[in-house]
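Undergrad: generate coordinates for the sequence data below:
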Amino acid sequence: MSIKPFFEDIVNGLKGFAMGAANVIPGVSGGTIALITGIFGRIINALNSLASVSTWKLLFKGQFREFAARIDGRFLLAVGIGMVLSVFSLAKLMTVVLDKYPVPTWAFFFGMIAASAIFMLAEIKGWKFSYVIWMIIGAAIGVVLFTVSPATTTNDLWFIFVCGAIAICTMILPGVSGSFILLLLGKYEYIMEAISTLNWPVLAAFGLGCVIGLASFSKCLHWLLEKWQQQTMLVLIGFVLGSLIKVWPWSGEAAGTMIVPGVIWIAIGVAAVVIMELAGKWTSAKTANNK
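TA: Okay, here's the model as predicted:
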């Protein structure tokens, strides 16, 4: 029996682990990691098939192998297991550092988010005046959502479900962090705590929201990126920039004494994104040269 499929499973699982780690950190997109590791297109195609009615008809007819093949099931399972293991192993760490080192942690997030937005801007080609308008619209949405949103949000399971449905859609987009969306919704620390303490009712509600969110919006995201890629990304970039105030590191009472450490950690966050982006470009160039 060939060991190649099992080796590929391990490699895909490690790629999923990296995506899970990215999705735990606001400012790092799991979609960006998927691009860097060369599996983004495969994930989008698999999710698009998963949202198809004809695919589910195969399952209901008992054609399990055909169903698994249609959704690239072995690949999705390996990536999914890697992501789950990563999220559960890193959630406790994020809870601790946010509690013990709030200014450096938020500064690190701020640097990563800002740098990600800048790199996303660099990918926009053929600038037009209308593109500026799209970005302003996105920024306005981000500012409004921050200014009108309450400091705390409900912990009711219905809201946790909504958070999961919204966050999962951004987790698969390059440059957009699902954890950042959880921050805007006021539920990042709450979800990290739920994961680290195995709060099953909260995890079940969040997980169900993720499943429904993917099923409902994966085709929509696929269509938007296919037909309106530039406009969609511009709105997202503007949204991220407009919402940066949400993660301003020096908002606490003792933050005034942490100016220099905060600036250093912002620089580290920026450097981390630069390294990942350069790695992604190197990987893409290598793949193109090998074809």
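
Undergrad: what's the burial count for the closest residue to Ala91 other than its chain neighbours?
TA: Nearest residue to Ala91 in three dimensions, chain neighbours excluded: Ile195, at 3.7 Å (CB to CB, 6 or more residues apart in numbering). Where you see a C-beta, it was placed from the backbone N, CA and C, and this is true even at glycine. Applying other CB atoms under 10 Å, we find 22 other residues in the vicinity of Ile195.

Undergrad: could you check how far Ile195 is from Val202?
TA: Here the criterion is CB to CB, to the nearest Å. By it, Ile195 lies 9 Å from Val202.

Undergrad: next: Thr152.
TA: Distance, Thr152 to Val202, by CB to CB: 16 Å.

Undergrad: show me which of these two is the more surrounded one.
TA: Between Thr152 and Val202, counted using other CB under 10 Å, the more crowded position is Val202 (21 against 9).

Undergrad: so Thr153, which state does it fall into?
TA: Three-state assignment for Thr153 (DSSP: H, G, I helix; E, B strand; the rest coil): coil.

Undergrad: need the nearest residue in space to it, chain neighbours excluded.
TA: Gly186 (4.1 Å).

Undergrad: okay, how far is it across stretch 170-186, tip to tip?
TA: Taking CA to CA, to the nearest Å, stretch 170-186 runs 16 Å from one end to the other.

Undergrad: pLDDT value on the residue nearest to Thr153, please?
TA: If you check Gly186, the pLDDT there is 84.

Undergrad: give me phi/psi at it?
TA: phi 70, psi 20 (degrees, to the nearest 10).

Undergrad: what's around it, how many residues?
TA: A total of 18 residues lie near Gly186 under the criterion other CB under 10 Å.

Undergrad: ok, Cys163 next?
TA: Cys163 sits with 26 neighbouring residues when counted by other CB under 10 Å.

Undergrad: do Val144 as well
TA: 12.

Undergrad: how much space between it and Gly209?
TA: To Gly209, Val144 is 23 Å away according to CB to CB.

Undergrad: quick one, helices of the stretch 101-250 of the chain?
TA: Secondary structure of the stretch 101-250 of the chain (DSSP state H, counting those that start in this stretch): helices at 102-122, 129-148, 157-171, 178-184, 188-197, 200-227, 229-242.

Undergrad: I'd like those as a markdown table, with distance to Gly269 appended.
TA: Output for the helices of the stretch 101-250 of the chain, formatted as a markdown table (distance: least, CB to CB, whole Å):
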| stretch | distance to Gly269 |
| --- | --- |
| helix 102-122 | 3 |
| helix 129-148 | 19 |
| helix 157-171 | 19 |
| helix 178-184 | 13 |
| helix 188-197 | 16 |
| helix 200-227 | 26 |
| helix 229-242 | 14 |
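
Undergrad: highest mean neighbour count out of those?
TA: Stretch with highest mean neighbour count among the helices of the stretch 101-250 of the chain: helix 178-184 (a mean of 24; mean count of other CB atoms under 10 Å).

Undergrad: could you dump it to PDB, C-alpha only?
TA: Output of helix 178-184 as PDB, limited to C-alpha atoms (Å, rounded to 0.1, in the frame of the first residue of the first chain):
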ATOM      1  CA  GLY A 178     -12.300  36.000  11.500                       C
ATOM      2  CA  SER A 179     -10.900  36.600  15.000                       C
ATOM      3  CA  PHE A 180     -11.000  40.300  14.200                       C
ATOM      4  CA  ILE A 181     -14.700  40.100  13.500                       C
ATOM      5  CA  LEU A 182     -15.100  38.400  16.900                       C
ATOM      6  CA  LEU A 183     -13.300  41.400  18.400                       C
ATOM      7  CA  LEU A 184     -15.700  43.800  16.800                       C
END
